[in-house]
Every structure is written in structure tokens, then in C-alpha cells.
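**Student:** Give the three-dimensional model of this entry:
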Amino acid sequence: MTTKIRAQVNLSEEVVRQIDAVVGPRKRSEFLERAAIAQLRREALDRWMELGEKFKGLTLDDVYYPSRVELEERGG
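**Tutor:** So this is what the prediction gives:
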């Protein structure tokens, strides 16, 4: 079971009304936790995609792979 901590969040009345209309006032925390997890996943994917852009167009010819002989000589 995951330990929960109390966090204070300030939201506009309109956002709270919309959340309550969807899940009800007793499920706000659950809804906000799911929304936060979804956003964290989107942010992680965005960072991953940005990292991928740095390697775009890279081919195996651009990367040095030591031969088996070289690895054995180094004791790897």
C-alpha cells in the first residue's frame, strides 16, 4: 500500500466545480492523483522524445563497436 501525504493545492472554483461534476467531492484527491500521474507520464515522454531528436539520423556507422578480439584483449 502506498503511503499518502497531505498536500494543499489551490484551484479555481470553476475547476473544482468541474471535477465535482465528474467524480463528486469525495473523489477529488483520487482524480487529482490520476491527473498528476498522467501529466508526469506525458512530461517523461516529452523528455524522451527530445532526447531522441538528439540522436535522429544516427546510424551504426556513427557508433564505435569494439570487435570481439578487442574486447577479449581488454579482458571484457
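
**Student:** Where is the longest helix in this protein?
**Tutor:** Among the segments of the chain that qualify as a helix by DSSP state H, the longest is helix 28-54.

**Student:** List the buried residues in that one.
**Tutor:** Arg28, Leu32 (16 or more other Cβ atoms under 10 Å). From N, CA and C alone the C-beta is placed, and that goes for glycine too.

**Student:** elements contacting that helix?
**Tutor:** helix 13-23 (3 or more Cβ pairs under 8 Å, 6 or more residues apart in numbering; DSSP states H and E).

**Student:** Please compute how far the helix it packs on lies from its chain's middle.
**Tutor:** In terms of Cα atoms, centre = their mean, to the nearest Å, the centre of helix 13-23 is found 25 Å from the chain centre.

**Student:** Count the neighbours of Leu58 for me.
**Tutor:** By the criterion of other Cβ atoms under 10 Å, Leu58 has 10 neighbours.

**Student:** so after the longest helix of the chain, what's the next helix or strand?
**Tutor:** helix 68-73 (DSSP states H and E).

**Student:** Please state the mean pLDDT value computed over that next one.
**Tutor:** Here helix 68-73 scores 78 as its mean pLDDT.

**Student:** If we ignore the residues flanking it in sequence, what's nearest Val16?
**Tutor:** Arg28 (7.5 Å; Cβ to Cβ, 6 or more residues apart in numbering).

**Student:** Quick one: residues contacting the one you found.
**Tutor:** Arg28 makes contacts with Val16, Ile19, Asp20, as judged by Cβ atoms under 8 Å, 6 or more residues apart in numbering.

**Student:** Over to Met1?
**Tutor:** For Met1, no residue meets the contact criterion (Cβ under 8 Å, 6+ apart).

**Student:** what does the one 10 residues further on give?
**Tutor:** Leu11 makes contact with Ile19 under the criterion Cβ under 8 Å, 6+ apart.
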